[in-house]
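[1] any chance you can model this:
(chains A and B)
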Amino acid sequence: MIRFLVPIVCLVLFFVEPIFGLFSPLSIGGSLYYIVPRFLILFLIFLSVFYELRHALFYGLFFGLLYDVFYIDIIGLYSFLYPAVCLIAAYVFKKIPQNLLSATLLALGLLLVMEVALYLFFLLIGLTAAPAGTFLTARLWPTLIANSLYLVLVGWVFRSMMVTQDPQRDNRLGLY
Amino acid sequence: MPQFLTNKRLILLLIGVILLVALISLTLRDRGQVSLPEQIVKEAVGAGQSVFSRPAHFVTGVFDNIDSLINTFEENRLLKARLEEFAGVQAEVTDLRSENGELQELLDKEESLREYNPIQAVVIARNPDQWEEKIILNRGTSHGIQENMAVMTARGLIGKVTIATPTTSTVELVTTQNPNYRVSAMVLGEDDVFGLIEGYDAERRELLLKRVDFSVDLQEGDQVVSSGLGGIFPKGIIIGEITEVTIDEFGLTKLAYVKPAADFSMLNHVIIADRLMPEVDGEDNGLTAEEDEES
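    The predicted model follows:
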């Protein structure tokens, strides 16, 4: 069943992201806070650590490409970043204690890396002129906080969805 | 990690990186036309996105309604006060309008830069990573939208169409950092003053009105509208209000900070202005496409 569930969840998350994007930037007390929804990549990180890297890489490439073509108009940016992040996630997860908390922290850490990489890229091509301080306060922290809320809310759903579907893996890790 | 980087994988990785860099640099340039596969993807994703954005708009609509209900009493009091003024202004407007019509008839002037054909559109998505200020609309070339058309809300100008496919169009907002993004504007006053909206100050959240003649006296609070002289935008779309006047970095022309009239944070319904007067190719910066290539 997970074979069908994964693409459906990916598709829904992909379409829901820009809708949450409509609410941003939030203006609180006169200053703007950009909250970037990163639902899909967080799901893909979970997929690559709890289920299978191969699937995560494939969906990462596919949805990254869609993201690039539809929103960014720079092809190759997200279609590279998504699979790359999944690859790193799977690699690092083998070396750390494997439970929900560590996966959540890993996902957030990788999200931070990805945001910084994107900032550097856009700084390089001149699409943004925001100084590093503004980037940190107006974008990075709000994004991380909002996405960690999202992970806390649905992370365990993702894991139970993936782990129970694969009994072999379940035995190996002894998660329950 | 010997099993991770075998020779085959290394070569694949290298080829991948080369392809990636090539693709990025190829698509980074300003492209007038989108390729066919891109167009197909945009159409397909756009169709899916409108399905998802409809309930979202419904929900935000409900919240907006509740919000306005709470403020009803206060607003009503204010509006009543304004209503008396309004009757007088209304009479004056009809008078001026009919006079304007008569005078134009007298001059045999039928076309005006002011007139445009409004096309209503719904925002189906906002670029979720928000580095580039972009929104995507559910109308495209099959509804008469073309590149570079002005996009506005009821309150003022918000941007222009950068890419149009048959059923979707991408709008770059005026708050972009793109240095090639210019809108020819004028400041309303006793004498109209012309300039270019060029650039956005992200810290102040205000637009920059540049290339204004040094000898001209600009006042804070003056209204800035599009001038229609750029060749694409109709005349008279409200852009914003001047908040500060300074001198530009070269000391030769004046620079004014303009607070945008439109609210960029929650965009829902927008209007695309299809100008009735023939449009000039290129961007709304007073240069035609040919001139652009030369310069």
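[2] am I right that residue B:157 sits in a helix?
    No: using DSSP: H, G, I helix; E, B strand; the rest coil, the assignment for residue B:157 is strand, not a helix.
[3] beta partners for it?
    residue B:152 (DSSP bridges).
[4] can you check the pLDDT for it?
    We have a pLDDT of 90 for residue B:157.
[5] tell me the contacts of residue A:27?
    By Cβ atoms under 8 Å, 6 or more residues apart in numbering or on different chains, the contact set of residue A:27 is A:33, B:265. Using the backbone N, CA and C atoms, a C-beta is placed for each residue, glycine as well.
[6] could you point out which element follows the helix or strand where it lies?
    Using DSSP states H and E, residue A:27 falls within strand A:26-28. Sequence-wise, the next helix or strand downstream of strand A:26-28 (DSSP H and E) is strand A:31-33.
[7] wait, isn't residue B:259 in contact with residue B:241?
    Yes: the pair residue B:259 / residue B:241 is scored as a contact, 5.3 Å apart, by Cβ atoms under 8 Å.
[8] between these two, point out the one with more neighbours.
    Counting neighbours by other Cβ atoms under 10 Å in any protein chain shown for residue B:259 and for residue B:241 shows that residue B:241 has the greater number, 19 against 16.
[9] and the strands in the stretch 51-200 of chain B?
    B:116-126, B:134-137, B:150-153, B:156-164, B:169-173, B:182-187, B:193-201 (DSSP state E, counting those that start in this stretch).
[10] for the ones you listed, give me TSV that also has mean neighbour count.
    Formatted as TSV, these follow (neighbours: other Cβ atoms under 10 Å in any protein chain shown):
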stretch	mean neighbour count
strand B:116-126	20
strand B:134-137	24
strand B:150-153	24
strand B:156-164	24
strand B:169-173	25
strand B:182-187	24
strand B:193-201	21
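[11] any chance of these in TSV, plus distance to residue B:229?
    What follows is those, written out as TSV (distance: least, Cβ to Cβ, whole Å):
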stretch	distance to residue B:229
strand B:116-126	15
strand B:134-137	26
strand B:150-153	13
strand B:156-164	15
strand B:169-173	20
strand B:182-187	5
strand B:193-201	7
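[12] for the stretch 1-150 of chain B, what spans make up the helices?
    For the stretch 1-150 of chain B, the helices defined by DSSP state H, counting those that start in this stretch cover B:7-28, B:36-70, B:72-107.
[13] can you redo the ones you listed as CSV with mean pLDDT and distance to chain A?
    Shown next, in CSV, are the helices of the stretch 1-150 of chain B (pLDDT from 0 to 100; distance: least, Cβ to the nearest Cβ, whole Å):
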stretch, mean pLDDT, distance to chain A
helix B:7-28, 83, 4
helix B:36-70, 84, 4
helix B:72-107, 87, 21
